[in-house]
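Enquirer: only geometry, no sequence info:
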Ligand code: AMP
Ligand code: MN
Ligand code: MN
Ligand code: MN
């Protein structure tokens, strides 16, 4: 018996992915994905289209979102799964985050201009055809203008701490993000928990606060986790009695090292976040 192929973290052009929701769902289907969560940053604008296409082709689409959170000066991402996009409190919170993104984009552009790079706001906006503007859009503009070879290099050179195009985030509080997700009926998961530059002690402190505020799970398997990261995060789910999620964090075909649904299985010690979901029959 084959297990279902489940991928609970992906992006479309509604945020900083490069595929439309339709293209994303079709690609997931072609890759053999049975259950896909669309989790765009700070917005749910792609879910309607994705849900419709998923229904047509017989793929289960999990409505999701990836919320930007600030905690003690560090930016975290919290994925909400099975949220209700019609929930007013969730939408009000996401809308405020998108407003901040617009201000931040203007400041990123001013800083890049001081560094001799003109027209970055307009250039980034040309790529930001969805609901939000983010660093990914500036990255594409800078690559296009020949300032770096690819997205990985462009982030390193311009868009991270101590680089000319970096502006610190002022995102949601952990408690607010969890209240929006839980209030809309969803489950909350810490995205790519091994990717934050934190000491082990601080990460455990964050996970504890997340758990205390009603958090449900950790993304044990992520497109950006090594085998060692997976084992480490599996242990954290045990320690904190959290569920385990799995998602590629797919952003588009120009990052060919990540593919939809191409994920290792969760370690057997983990309880999957989907253990009590109403899922399609396993494939025989
Ligand atoms: P933002 O939420 O606008 O600050 O942008 C965060 C997004 O930037 C992430 O979701 C990734 O899509 C992208 N990103 C962050 N770091 C990198 C990196 N080192 N290389 C490529 N993309 C990155
Ligand atoms: Mn992104
Ligand atoms: Mn993320
Ligand atoms: Mn993501």
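Expert: Arrived safely. Keep in mind that this is a model prediction, so the values were computed, not measured. Ligands and ions are numbered 1, 2, ... in the order given.

Enquirer: mind listing the helices in the chain by residue range?
Expert: Secondary structure of the chain (DSSP state H): helices located at 21-30, 47-57, 88-114, 120-127, 135-144, 151-154, 174-183, 200-212, 227-239.

Enquirer: what's the neighbour count on the residue nearest to residue 25 when sequence neighbours are not counted?
Expert: Sequence neighbours aside, residue 53 is the residue nearest to residue 25 in space, at 4.4 Å (criterion: CB to CB, 6 or more residues apart in numbering). C-beta here means a position set from N, CA and C on the backbone, and glycine is covered the same way. By the measure other CB atoms under 10 Å, the count of residues near residue 53 is 20.

Enquirer: Residue 53: what's it in contact with?
Expert: Contacts for residue 53 (CB atoms under 8 Å, 6 or more residues apart in numbering) come out as 21, 22, 25, 26.

Enquirer: for this structure, where's the lowest mean pLDDT among helices and strands?
Expert: Sorting the helices and strands of the chain by mean pLDDT, DSSP states H and E puts helix 151-154 at the bottom, at a mean of 94.

Enquirer: still on that earlier bit, nearest to ligand 4 among the contacts of residue 53?
Expert: Closest approach to ligand 4 among those (CB to the ion): residue 21, at 15.0 Å.

Enquirer: quick one: pLDDT of the closest one?
Expert: pLDDT for residue 21: 98.

Enquirer: Would you check that my belief about residue 135 contacting residue 155 is correct?
Expert: Yes - under the criterion of CB atoms under 8 Å, residue 135 makes contact with residue 155 at 7.2 Å.

Enquirer: tell me which parts of the stretch 151-284 of the chain are close to ligand 3?
Expert: Selection of the stretch 151-284 of the chain residues close to ligand 3 by CB under 5 Å from the ion yields residue 191.

Enquirer: How about the stretch 151-284 of the chain: which residue is closest to ligand 3?
Expert: For the stretch 151-284 of the chain, CB to the ion, closest residue to ligand 3: residue 191, 4.6 Å.

Enquirer: Would you single out the least confident of the helices of the chain?
Expert: helix 151-154 (a mean of 94).

Enquirer: Just name the closest of the contacts of residue 53 to ligand 3, please.
Expert: Distances from ligand 3 to these, taken as CB to the ion, are shortest for residue 21 (18.2 Å).

Enquirer: How about the residue nearest in space to the middle of the chain, nearest residue that isn't a chain neighbour?
Expert: Nearest to the mean C-alpha position of the chain, counting by CA atoms, centre = their mean, stands residue 66 at 4.5 Å. Nearest residue to residue 66, sequence neighbours excluded (CB to CB, 6+ apart): residue 39, at 4.5 Å.

Enquirer: Tell me who's in contact with the one you found.
Expert: When contacts are counted by CB under 8 Å, 6+ apart, residue 39 touches 8, 9, 10, 11, 64, 65, 66, 79, 80, 81, 191, 247.

Enquirer: quick one: which of the residues you listed is nearest to ligand 4?
Expert: residue 66 (4.8 Å).

Enquirer: quick one on the thing from earlier: any idea how far the residue nearest to residue 66 is from residue 231?
Expert: The gap separating residue 39 from residue 231 is 24 Å, by CB to CB, to the nearest Å.

Enquirer: what's the closest non-adjacent residue to residue 114?
Expert: Leaving aside its sequence neighbours, residue 114 sits nearest to residue 164 (CB to CB, 6+ apart; 7.4 Å).

Enquirer: The one you found: neighbour count?
Expert: Burial of residue 164 is recorded as 15 neighbouring residues (other CB under 10 Å).
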